[in-house]
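Trainee: make a model of this:
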Amino acid sequence: MRVILALAAALLAGVAMSFGQTVAPDPVAPFFNSAAPVVALAAAVSMAARRPWAHALLGALAGPLAMVGYFATSELRGFGVSMSWVVLWCTAGVIAGAAMGFAVWALRHSGSWPLRAVAAAVFPGVAAGEGAHGVVRIADTTPVGYWWAAIAVGIAVLVWLSVTRLRSWQAVGLACVATGAFAYALFFVYGAL
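Mentor: Numbering: from 1, shown residues only. Reported below is the predicted structural model:
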């Protein structure tokens with residue numbers, strides 16, 4: 001039952017994203033059209049699982065369900081929806097959601113410090129990479145303060161996970177390097193879109 005509720009919440013979050021994008025004040029409007037909140041949603045949904053594969057599966061389902069909720073609601077509200085964007089963001093949701101779901105499992109249950117360190121970098125890397133994209137590439141059309149806040153949240157989550165889930169300076173160092181690598185990779189991919 002908790003799995004069904006978690007997946008239904010992902011779908012409803014997508015519906016809320018569509019409405020939020022049009023009614024939210026400008027400083028927070030990008031929240032409803034960003035990847036980092038969807039990846040955080042995948043983390044939350046994956047917590048309904050108990051096994052590593054189930055964490056990854058629930059994370060992989062959460063992103064596309066949020067996108068289905070978002071795009072279906074947007075279409076019903078009369079906004080144009082491009083099928084190519086639906087496919088792109090649903091695919092990204094599967095990949096990022098599965099990675100985030102597995103990262104949640106690793107942070108909660110893995111005894112391997114390198115795996116925990118890399119897992120700790122997934123969300124911070126997404127938040128920082130997307131934030132850097134916002135600051136560098138789209139600051140003239142979106143509120144730059146939101147993107148700086150996204151970077152700050154990514155760093156704060158990395159610090160929190162380092163303190164609560166990582167047990168050595170080696171693990172913290174690896175998490176920092178992995179965060180930078182994930183952020184750079186996402187920044188690069190966003191630049192190619």
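Trainee: gap between the residue in the chain sticking out farthest from the centre and Thr22?
Mentor: Most distant from the centre of the chain: Gly78, at 26.7 Å, with distances by Cα atoms, centre = their mean. Separation of Gly78 from Thr22 (Cβ to Cβ, to the nearest Å): 11 Å. Where C-beta positions appear, they are placed from N, C-alpha and C, glycine not excepted.
Trainee: what about dumping the CA coordinates of stretch 72-87 to CSV?
Mentor: Taking Å, rounded to 0.1, in the frame of the first residue of the first chain, the C-alpha atoms of stretch 72-87 are listed here in CSV:
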residue,chain,number,x,y,z
ALA,A,72,-1.1,15.8,-19.0
THR,A,73,-2.3,18.6,-16.7
SER,A,74,-0.6,21.2,-18.9
GLU,A,75,-2.3,19.7,-22.0
LEU,A,76,-5.7,19.7,-20.3
ARG,A,77,-5.1,23.3,-19.2
GLY,A,78,-4.6,24.3,-22.8
PHE,A,79,-0.8,24.7,-22.9
GLY,A,80,1.0,23.2,-25.8
VAL,A,81,2.9,20.0,-25.1
SER,A,82,5.6,18.7,-27.3
MET,A,83,5.9,14.9,-27.4
SER,A,84,9.6,15.1,-27.9
TRP,A,85,9.9,17.0,-24.6
VAL,A,86,7.7,14.4,-22.9
VAL,A,87,9.9,11.6,-24.1
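Trainee: Phe32 touches Pro25, doesn't it?
Mentor: No - Phe32 is not in contact with Pro25 according to Cβ atoms under 8 Å; the separation is 11.1 Å.
Trainee: ok, these two, which is more surrounded?
Mentor: Phe32 (18 against 7; other Cβ atoms under 10 Å).
Trainee: ok, the more buried one - contacts?
Mentor: Applying Cβ atoms under 8 Å, 6 or more residues apart in numbering to Phe32 gives the contacts 16-18, 20-21, 24.
Trainee: for Val28, same thing?
Mentor: Tyr146 are the contacts of Val28 under Cβ under 8 Å, 6+ apart.
Trainee: please give me every residue in contact with the closest residue to Val177 other than its chain neighbours.
Mentor: Using Cβ to Cβ, 6 or more residues apart in numbering and skipping the chain neighbours, the partner closest in space to Val177 is Ala121 (8.0 Å). By Cβ under 8 Å, 6+ apart, Ala121 lies in contact with 158, 175-179, 181-182.
Trainee: what about Ser162, how many neighbours?
Mentor: Using other Cβ under 10 Å: Ser162 sits among 20 other residues.
Trainee: nope, Ala36 is what I was after
Mentor: Around Ala36 there are 25 residues (other Cβ under 10 Å).
Trainee: can you check Tyr184 too?
Mentor: Residues lying near Tyr184 (other Cβ under 10 Å) number 14.
Trainee: alright, I will stop here.
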